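Enquirer: coordinates only, sequence not included:
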């Protein structure tokens, strides 16, 4: 099976290889996460700065509204909708940023978040997370049969294991993108060298 083979009809071509690796179990979560990270980074760069700028503006609006004591959640939600309508982004990118920002609004409304200091950066980070979920994580269950005969519970458990590697990098990217209002200089961290197994080592 070559890298160009489509093994999951709901995943776009760049995500086929990491999905196949997850199903086959031939690579550990660090390697799979590093590969997914590269695909997401290229996706972010392809979409350009506009979604990041929109996310930052929405984060600033949330911070200003909440810091000023505004607890009219419906009004804040409508303001996010207004900003999305006016933004120079394709519709689905607006929706991802809107979903990210309204997730933050939901957290404040129900007491899950209190600190407003970093909301512009958090909104960008949430946008990266939503992009990852929309393009990869949420689409994986959308097939009647997984590659290599693996069951859905197993493959989703492997997907979940990617989070500890991916999300800290999304946070780092968000900090940089929020400062630059651009995504051109985002980079993956250096790939970790895989430890070779010592045949004489006691693994028990």
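Expert: Everything's here; your move. Source: prediction; values computed, not measured.
Enquirer: how about low-confidence regions in the protein?
Expert: 1-4, 193-204 (pLDDT under 70).
Enquirer: hmm, 90 instead?
Expert: Within the chain, the segments meeting pLDDT under 90 span 1-5, 26, 68-72, 111-115, 191-204.
Enquirer: center of it, which residue is that?
Expert: Central residue of the chain (Cα atoms, centre = their mean): residue 129, 2.3 Å from the mean position.
Enquirer: Please, which helix or strand holds it?
Expert: helix 119-135 (DSSP states H and E).
Enquirer: Buried residues, that helix. List them.
Expert: 119-132, 135 (16 or more other Cβ atoms under 10 Å). Just so you know, the C-beta spots here come from the backbone N, C-alpha and C atoms, and that holds for glycine as well.
Enquirer: need the next SSE after it, C-terminal direction.
Expert: In N-to-C order, the element after helix 119-135 by DSSP H and E is helix 152-160.
Enquirer: how far is the following helix or strand past that next one from where the chain is centred?
Expert: Counting by DSSP H and E, the next helix or strand C-terminal to helix 152-160 is helix 163-180. Using Cα atoms, centre = their mean, to the nearest Å, the mean C-alpha position of helix 163-180 is found 9 Å from that of the whole chain.
Enquirer: Now do helix 163-180 and helix 119-135, the angle between them.
Expert: 130 degrees (axes from the mean of the first three to the mean of the last three Cα atoms, to 10 degrees).
Enquirer: contacts for helix 163-180?
Expert: Residues outside helix 163-180 that contact it (Cβ atoms under 8 Å, 6 or more residues apart in numbering) are 29-30, 33-34, 36-37, 40-41, 44, 49, 52, 56, 120-122, 124-125, 127-129, 132, 183, 185-186, 188-189.
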